[in-house]
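Asks: I need the structure of the sequence given here:
(6 chains, ligands or ions: 3)
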Amino acid sequence: MSAYLADRKLRRLVIALMTFAALIAVASAEMDKDTKVALDTLWVLVTAMLVFFMNLGFGMVETGFARMKNCVNILSKNFIVFAVASLGFLLLGWGLMFGDGNPYIGTQGVFFLTGADNSPAIREEYNGVYSAMSWTGVPLLAKFFFQLVFAGTAATIVSGAVAERIKYKSFILFSFAMIMLIYPVIGHWIWGGGWLATMGAFDFAGSTVVHSVGGWAALTGVIILGPRLGKYGMNGKINIIPGHNLALATLGTLVLWFGWFGFNPGSTMAADASAISHIIVTTNTAAAAAILGATLISWLVLGKPDLGMTLNGALAGLVAITAGCAFVSIGSSVLIGLIAGILVVLSVMFFDRIKVDDPVGALSVHLVNGVFGTLAVGIFAQDRITGVATGNGLLSGGGMGLLIAQLTAVASVAVYAFTASAIIWLAIKAVIGLRVSPQEEILGLDIGEHGMTAYPDLEIPT
Amino acid sequence: MSAYLADRKLRRLVIALMTFAALIAVASAEMDKDTKVALDTLWVLVTAMLVFFMNLGFGMVETGFARMKNCVNILSKNFIVFAVASLGFLLLGWGLMFGDGNPYIGTQGVFFLTGADNSPAIREEYNGVYSAMSWTGVPLLAKFFFQLVFAGTAATIVSGAVAERIKYKSFILFSFAMIMLIYPVIGHWIWGGGWLATMGAFDFAGSTVVHSVGGWAALTGVIILGPRLGKYGMNGKINIIPGHNLALATLGTLVLWFGWFGFNPGSTMAADASAISHIIVTTNTAAAAAILGATLISWLVLGKPDLGMTLNGALAGLVAITAGCAFVSIGSSVLIGLIAGILVVLSVMFFDRIKVDDPVGALSVHLVNGVFGTLAVGIFAQDRITGVATGNGLLSGGGMGLLIAQLTAVASVAVYAFTASAIIWLAIKAVIGLRVSPQEEILGLDIGEHGMTAYPDLEIPT
Amino acid sequence: MSAYLADRKLRRLVIALMTFAALIAVASAEMDKDTKVALDTLWVLVTAMLVFFMNLGFGMVETGFARMKNCVNILSKNFIVFAVASLGFLLLGWGLMFGDGNPYIGTQGVFFLTGADNSPAIREEYNGVYSAMSWTGVPLLAKFFFQLVFAGTAATIVSGAVAERIKYKSFILFSFAMIMLIYPVIGHWIWGGGWLATMGAFDFAGSTVVHSVGGWAALTGVIILGPRLGKYGMNGKINIIPGHNLALATLGTLVLWFGWFGFNPGSTMAADASAISHIIVTTNTAAAAAILGATLISWLVLGKPDLGMTLNGALAGLVAITAGCAFVSIGSSVLIGLIAGILVVLSVMFFDRIKVDDPVGALSVHLVNGVFGTLAVGIFAQDRITGVATGNGLLSGGGMGLLIAQLTAVASVAVYAFTASAIIWLAIKAVIGLRVSPQEEILGLDIGEHGMTAYPDLEIPT
Amino acid sequence: MKLIIAYIQPEKLGVVKKELDSRKVHRMSVTRAKGCGQQRGYVESYRGSKKEITLLSKIRLEIAVNDDFIDTTVEGIVNAAKTGNFGDGKIFVLPLDECIQIRTGETGPAAIGGISRYVPSSKDD
Amino acid sequence: MKLIIAYIQPEKLGVVKKELDSRKVHRMSVTRAKGCGQQRGYVESYRGSKKEITLLSKIRLEIAVNDDFIDTTVEGIVNAAKTGNFGDGKIFVLPLDECIQIRTGETGPAAIGGISRYVPSSKDD
Amino acid sequence: MKLIIAYIQPEKLGVVKKELDSRKVHRMSVTRAKGCGQQRGYVESYRGSKKEITLLSKIRLEIAVNDDFIDTTVEGIVNAAKTGNFGDGKIFVLPLDECIQIRTGETGPAAIGGISRYVPSSKDD
Ligand SMILES: Nc1ncnc2c1ncn2[C@@H]1O[C@H](COP(=O)(O)OP(=O)(O)O)[C@@H](O)[C@H]1O
Ligand SMILES: Nc1ncnc2c1ncn2[C@@H]1O[C@H](COP(=O)(O)OP(=O)(O)O)[C@@H](O)[C@H]1O
Ligand SMILES: Nc1ncnc2c1ncn2[C@@H]1O[C@H](COP(=O)(O)OP(=O)(O)O)[C@@H](O)[C@H]1O
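Replies: Ligands and ions are numbered 1, 2, ... in the order given. Below is the predicted model of the structure:
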């Protein structure tokens, strides 16, 4: 009886104890989950801010590489473009990019973030229409903000290439269209669970999605606009049109380098200690190697260490490592940087030779190295080096598989981004025109477009 | 017997087990608490750094909007003001603001942070004299630093408005007095548990506490100083005195925008994932809408898209959303931004019309939109949208209650800040004077106050 | 029987329960450990980014203090130096500094981070060759990146002092050698578990390891190069060679101040809430006091508040508090800052008097105040004020012990850094020369070394 | 024909231009200059050293006029620029042999003057 | 000897210099200037207020020439700088009493000219 | 009265000014200029393209002097600015018809000169 009692008591106590223990376990798991959400959100938002800060870097670099008389114009463009991107991406871009839909485009919750979503729940627990982003356990608005700053970067890239001749309002319109119709479509293919993702193409932080898309849109813009007056003389002569402030350009490149520590490591969208430590080092090392590569090659080829090339080199290395920063070793990042640094110098000279006039080198930096960086994943990737199952690249013994997937991504993005951006440019050209008048271009867009100059006291002191 | 033994054994074992489980639970809770403190501190300090960084933004904007001949002076003012604020807020400001006391002022632990305090303990567990800050579980010095950078911002706002004519030492004195006697008093009313807080007025991140206080102090300063020589001609003619470097002004505005991601989301003073994600998006969206609003309205009204107005627009949107960033929806943030952007353009033109000469637009940005943003809470607030029980605003069906509380805050702050700042300005004027001589103003304050110029190589090259 | 059964059942159940509880405990501890690693890594990486960002600040300050004609050159130097440091520290610097070895140098895992290492395991659990860094629980690459940005800072310091006359390639070579042969050796002595650490010398964030090492290398460089042409006239006349852009210099100092919030609080290498809160306040307060000190003393001595002195004052305060930021009270930090601010003004005037020509004041800021800050630990330290057992300094009743250890550190570092840097400078001088030709110096290094100018539109507009 | 070169205080440019406009002298060229004369300089200090600055900012006007405009131009400048303080500036009158208008190829007095197409509105000064 | 002062549109500096080079006029001095003439200005707007800007950017050339070079120099400038639009600029010819070459101490016509050591290659313009 | 225009190397401004001061020539006006003469230029390179730069930085002095000061002024400039290298510069002497001091309205030789109130201390150069 007492045994029976003991037994019953025992059972009851054991049950009570187990419930108690289970509750602790659940609570502690819950807390841990909350902690993880908080940690990841903190990381995502801080790195997103750094990417936002790249607007400053782009503004500095592009203003520095432009002439004094077009300063207000390029500042205005680079400033307003993020406002345009913010509203365009909220209105439609996010939805097309991350909404559930078909392999080509998002079709659910496309407008104004209005789709169902129970973030920060992840994976199986996720319930909503933005399932392509359900791998990261942060609130929906954190995901949105992080993606927004990337979209803004893509739009900004165009600004520098078309500088010193494009009408202000035409640029604004193009940016708006690009953020809603070009960027999110390609984004959907790769980051939105679309067909390129399915096919096994990888682009960790956006060599293709952000940089080469910006680059293609810049290329069509530059071609349709034509070169700046006086840039190319007779008999193939290439005239120098130096930027008005190399200090600004150099300091801006440092700001971009800094921002890239948000761009790449932030793309984990989780405070994954070992991955982000790895990525920050590959990112930095590629930049360093590219700087030395570009400086050396320009020293050898041109006779002097051209600061503009050094700066473009840094950015080239950063763009090139962006796709693979989480997939390659530190050693490979040195190689990728070195190649990017050399590539950018040759590319700048090549574009000038074929009379494609890009005042800031955006094509060589973002397009050429965006493409190279994407392909580099197919060559240098090491499976699971920071946890992601990419498979091995060519040089790690993985054969051609990954490289072919990367090539497919590059090619298909080229086709879409080139075509879509050309159509938009041409449509704007047809309706309101793209290029300012030659008189305005000579006098400067600051006076023509904005009725003001950037440095009035340099004109006549007061 | 064996049953008894079993029972006793059982009891002992169960007790041991429960103790063990309880210890685990406590330890794990302790750890979780530590983790939370660490996480929150990390967030508070990182965002505080961003707010500190706004000194750079203000320095750039205000220097850019000033003339070349007053550059050293405005840089000096904007640089030293944070040093002055740092010591003044340590000495007295913090204590008056957050010390326990009466509804109007802190009276305990006023000097040098010397009050009792067992932070990071919170709420009931808190034991100390700074109980108005006991809701956030971070160390006292983290609270102090976070609040200091806000105090510094309020002081910096004044610098731009009184630029190009105020004596250096008079400005230093005013800043010191403001940080110790104006800012903390109003801060106490709203954030220090004073009468406005009790009354139910809300100002999440400081549209009133920081921006409009800075704005009122600037207004009295501008009025007492009078306009710059040559600004207003005969027959109501308004002369243009353009700033010397619009690149600096534009880039500085980007820095401020960046810093605002500390200012607003940081004001949670806790790494609350969903709140900070919400706030960062409302903040950004308001800025974006304000930029487009200000650009559009200036394009329509003035015929060209005035870059200065675009920049002021951005800041206006940011100031206006500061009070309500945690209390309104994304949609409302778009509206608030849009209104702010329009308001700032009209306000700049209005102040010029009434001959209140504010070289950088500080009044239109910080005062007008600080007031508007505070009232906007009464109009757009949605109860507990990020957890805070504000009650609903007018448009969310909450009636006039909240709006009236906000109005009361605006009005009472106006009275105190206006009066107190006017008294301080006049006292300084009486003792050491406020304004430099006309000769010095013509020659430039750089030579007059500092004996040096900002860009010597532009004068005569060496 | 039933009792026996109950007993057996009981035992089995108890064992099951205990196992269950233990598993929870272990899992929860594991999770807590992971959380801590993530938190600490986040803090380490974010602060490391801030320190990286100091490259921008140094670039701005040093360019601002240089003449317009040497702008491209100094920008190039300050830009490339971090690339050089990145590769040099990866190649060899890290290994010599943190590899296990003897009290004087690391001998294991010296090249390319190739040593064994099981970070983030700490203390007893650590297993690898970089045990001097086993106190911080972050991944190896996080440790590397954090240490790298400090190494980069040391190299950058030299750039400003030798500006306006050194050959570009000679500077590159020196930086490379310094990062591999000077910095890591001294780093090993103090931070790498070497003899000075054993002896009880303390340098929390690098007043000695980073700043005075940079300062000594700068001093030998300046002496071997000699003053700029025209700096010192006959009869001891000191000519003014003003920097070309005080806006850049001022704004850059704000960037450095901001970066220092990474430099000092980050050196906890752990998100230790109370320590980092303490350190951020001592850091800021020292800067503030130094700014006021330097401004006041220059106002009194020179008759006007010299902005250049104010800026050097800020940096002096920051350098001086770097060694002791975690070891002294807030009150002491005010004193340290004040002394640093006065010291730097006198030091700038002193170096000019003895014809040691340092265009940016690097010696007065980094060397003099690096030394002073290191000694200040021996004077002001309070044992365990943020947890570290330093023992008390002189004024806290600890006697001369700590001060003597600090003096030993200062003296031995002086001997090594001075000698080693002098040898390297002289070796470079012998092989490829150090100084540009007088003609090139007059025309400007921008044209001479780089074949371009920084602000072409100021020359002849287009 | 004469070439009038005038150095004035920078802040006087607006009124001088307005005064000349009212005297139908609409054409001129302007540069910045540094000048050294009877006006007292100031002491510049930089990082603890000092220097006496004697070259001060001036505006330099260059105005080619036909002979019947010489007096009114000089008078106009003096009237508008004079404050009575050191540093008010100086006017130099140089002989001018020839003037050629690039656009039309016209030379001599005709090339200098005539009523300018652009008539400044009364709003600006 | 004459001193030729010419105001031209900034963007014409390259072609003018090239044209003068081809006429063996290799020496000159160049400054930036603001000019006001028949060319229409523009309205500047800043923070809601407006101002009519009539001083426009120009390049100022100063060329000392021996008498046999006067015509070719003036012609060269006109040829290269002329577009037919307002704002093309003006050329002023002033008597020049003396010229001294600092390096050699030479004076008079010999100091002005001769074939310059530096012969611009055909590559630059 | 003459108007002396001199182009000198920028780094020579200090010594020239000192030398002139010692010769009691205290008044002058200074501008920056770009000059092209016998001095060799340099090759600028920018983003992979090159350009030969022939316009080099110069300082332009403008000094109105009374006739008895012409020689000492020219001599002073030559003495101080001469290095013997290409690029040392040139001095042009132009006839000056009239000089008006704005402050006093004085004209002619009296307006140009006299002992300046400001006597530079020996400390500056
Ligand atoms: N002899 C001169 N040669 C060239 N420029 C002169 C001469 N005298 C005066 N100037 C110019 O006129 C400016 C005003 O001269 P200053 O003597 O200061 O004025 P004021 O005659 O009114 O006292 C000087 O700064 C300088 O630019
Ligand atoms: N009388 C003048 N005195 C001085 N400079 C003049 C004079 N007339 C013209 N200029 C200079 O020549 C420039 C061109 O003059 P403008 O009348 O616009 O050209 P155009 O003669 O081709 O119509 C002016 O901007 C000014 O710098
Ligand atoms: N004929 C000229 N007309 C105008 N300026 C001249 C002339 N000759 C020389 N200069 C000016 O003098 C400067 C020095 O001339 P340069 O021939 O290089 O010196 P040097 O005579 O000592 O060889 C030139 O850069 C230019 O500014």
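Asks: from here on, contacts and neighbour counts on C-alpha atoms
Replies: Will do.
Asks: quick check, central residue of chain D?
Replies: Central residue of chain D (C-alpha atoms, centre = their mean): D:L61, 2.6 Å from the mean position.
Asks: thought it was touching D:Q9?
Replies: No. D:L61 sits out of contact with D:Q9 when judged by C-alpha atoms under 8 Å, with a separation of 10.9 Å.
Asks: what's the biggest helix by length in chain D in contact with?
Replies: Identified as the longest helix of chain D according to DSSP state H is helix D:70-81. The contact list for helix D:70-81 (C-alpha atoms under 8 Å, 6 or more residues apart in numbering or on different chains) reads D:2, D:8-9, D:12, D:15-16, D:19-20, D:23, D:25, D:88-89, D:91, F:102-103, F:105.
Asks: which of those ranks first by neighbour count?
Replies: F:I102 (29 neighbours; other C-alpha atoms under 10 Å in any protein chain shown).
Asks: so, low pLDDT: which residues of chain D?
Replies: When residues are selected by pLDDT under 70, those of chain D lie in D:114-125.
Asks: looking at it, which residue reaches furthest from the middle?
Replies: D:G48 (37.6 Å).
Asks: which non-adjacent residue is nearest that one?
Replies: C:M349 (5.8 Å; C-alpha to C-alpha, 6 or more residues apart in numbering or on different chains).
Asks: and that neighbour, how far is that from ligand 1?
Replies: 32 Å (C-alpha to the nearest ligand atom, to the nearest Å).
Asks: quick check, the residue nearest to the centre of chain D in a helix?
Replies: No. D:L61 is assigned strand when assessed by DSSP: H, G, I helix; E, B strand; the rest coil, not a helix.
Asks: from E:L13, how far out is it?
Replies: Counting by C-alpha to C-alpha, to the nearest Å, the gap from D:L61 to E:L13 is 21 Å.
Asks: same check on D:F69?
Replies: From D:F69 over to E:L13 (counting by C-alpha to C-alpha), the distance is 31 Å.
Asks: ok, these two, which is more surrounded?
Replies: Higher neighbour count among D:F69 and E:L13: E:L13, with 24 against 17, using other C-alpha under 10 Å.
Asks: now do the contacts for the residue nearest to the centre of chain D.
Replies: Contacts of D:L61 (C-alpha under 8 Å, 6+ apart): D:I4, D:I5, D:A6, D:Y7, D:I8, D:M28, D:S29, D:V30, D:T31.
Asks: verify the contact between A:V348 and A:H366 for me.
Replies: No. Contact criterion C-alpha under 8 Å: A:V348 and A:H366 do not qualify, at 11.6 Å.
Asks: show me which of the two is the more surrounded one.
Replies: For A:V348 versus A:H366, the count of surrounding residues by other C-alpha under 10 Å is larger for A:H366: 32 against 26.
Asks: how many residues are close by the residue nearest to the more buried one when sequence neighbours are not counted?
Replies: Once flanking residues are discounted, A:H366 sits nearest to A:H211: 4.9 Å by C-alpha to C-alpha, 6+ apart. When neighbours are defined as other C-alpha under 10 Å, A:H211 has 32 of them.
Asks: where's the residue in the stretch 301-450 of chain A positioned nearest to chain D relative to chain C, distance?
Replies: Nearest residue of the stretch 301-450 of chain A to chain D, counting by C-alpha to the nearest C-alpha: A:Q439, 16.8 Å away. Separation of A:Q439 from chain C (C-alpha to the nearest C-alpha, to the nearest Å): 13 Å.
Asks: stretch A:284-291 and chain C, are they touching?
Replies: Yes. For stretch A:284-291, a contact with chain C is found by C-alpha under 8 Å from any C-alpha of the partner chain, at A:N284, A:T285, A:A287, A:A288, A:A289, A:I291.
Asks: report the two of those residues separated the most.
Replies: A:N284 and A:I291 (10.6 Å; C-alpha to C-alpha).
Asks: in a helix, the residue nearest to D:G48, correct?
Replies: Yes. According to three-state DSSP, C:M349 belongs to a helix.
Asks: tell me the contacts of it?
Replies: By C-alpha under 8 Å, 6+ apart, the neighbours of C:M349 are D:R47, D:G48, D:S49.
Asks: and the worst-scoring helix or strand of chain A on mean pLDDT with helix C:2-64, angle?
Replies: None of the helices or strands of chain A scores lower by mean pLDDT, DSSP states H and E than helix A:2-64, at a mean of 84. Interaxial angle of helix A:2-64 relative to helix C:2-64 (axes from the mean of the first three to the mean of the last three C-alpha atoms, to 10 degrees): 10 degrees.
Asks: so after helix A:2-64, what's the next helix or strand?
Replies: Sequence-wise, the next helix or strand downstream of helix A:2-64 (DSSP states H and E) is helix A:71-88.
Asks: which residues touch A:V61?
Replies: Neighbours of A:V61 in contact, by C-alpha under 8 Å, 6+ apart: A:L248, A:A249, A:T250, A:L251, A:G252, A:T253, A:V360.
Asks: do the helix or strand where D:T31 lies and chain F meet at all?
Replies: Using DSSP H and E, D:T31 falls within strand D:28-36. Yes. Applying C-alpha under 8 Å from any C-alpha, one finds strand D:28-36 touching chain F at D:R32, D:A33, D:K34, D:G35, D:C36.
Asks: ok, back up a step: near ligand 1, anything from the longest helix of chain D?
Replies: No. Using C-alpha under 6 Å from any ligand atom, helix D:70-81 stays clear of ligand 1, coming no nearer than 9.6 Å.
Asks: tell me which residues of that helix come out buried.
Replies: Using 16 or more other C-alpha atoms under 10 Å in any protein chain shown as the test for burial, helix D:70-81 gives D:I70, D:T73, D:V74, D:E75, D:G76, D:I77, D:V78, D:N79, D:A80, D:A81.
Asks: then stretch A:92-109?
Replies: Within stretch A:92-109, the residues scored as buried using 16+ other C-alpha under 10 Å are A:92-101, A:103-109.
Asks: and ligand 2, which of those contact it?
Replies: Of the buried residues of stretch A:92-109, not one also sits near ligand 2 (C-alpha under 6 Å from any ligand atom).
Asks: just the ones of the residues you listed in helices?
Replies: Members of the buried residues of stretch A:92-109 lying in helices (criterion: DSSP H): A:W94, A:G95, A:L96, A:M97, A:F98.
Asks: which one of those residues sits closest to A:E459?
Replies: Relative to A:E459, and with distances defined as C-alpha to C-alpha, the nearest of those is A:W94, at 45.2 Å.
Asks: hang on, isn't that closest one packed against A:Y183?
Replies: No. Using C-alpha under 8 Å, A:W94 is not in contact with A:Y183, being 9.8 Å away.
Asks: now the residue in chain A that chain B sits nearest to: how far from B:V44?
Replies: Residue nearest to chain B within chain A: A:A83 (4.1 Å; C-alpha to the nearest C-alpha). Counting by C-alpha to C-alpha, the separation of A:A83 from B:V44 is 27 Å.
Asks: more crowded one of these two?
Replies: Set A:A83 next to B:V44 and count neighbours by other C-alpha under 10 Å: B:V44 wins out with 27 against 23.
Asks: how near is that one to chain C?
Replies: 10 Å.
Asks: OK, contacts around the nearest residue to that residue once chain neighbours are set aside?
Replies: For B:V44, ignoring the flanking residues on the chain, the nearest one in space by C-alpha to C-alpha, 6+ apart is B:M269 at 5.3 Å. Counting by C-alpha under 8 Å, 6+ apart, B:M269 touches B:D40, B:T41, B:W43, B:V44, B:T136.
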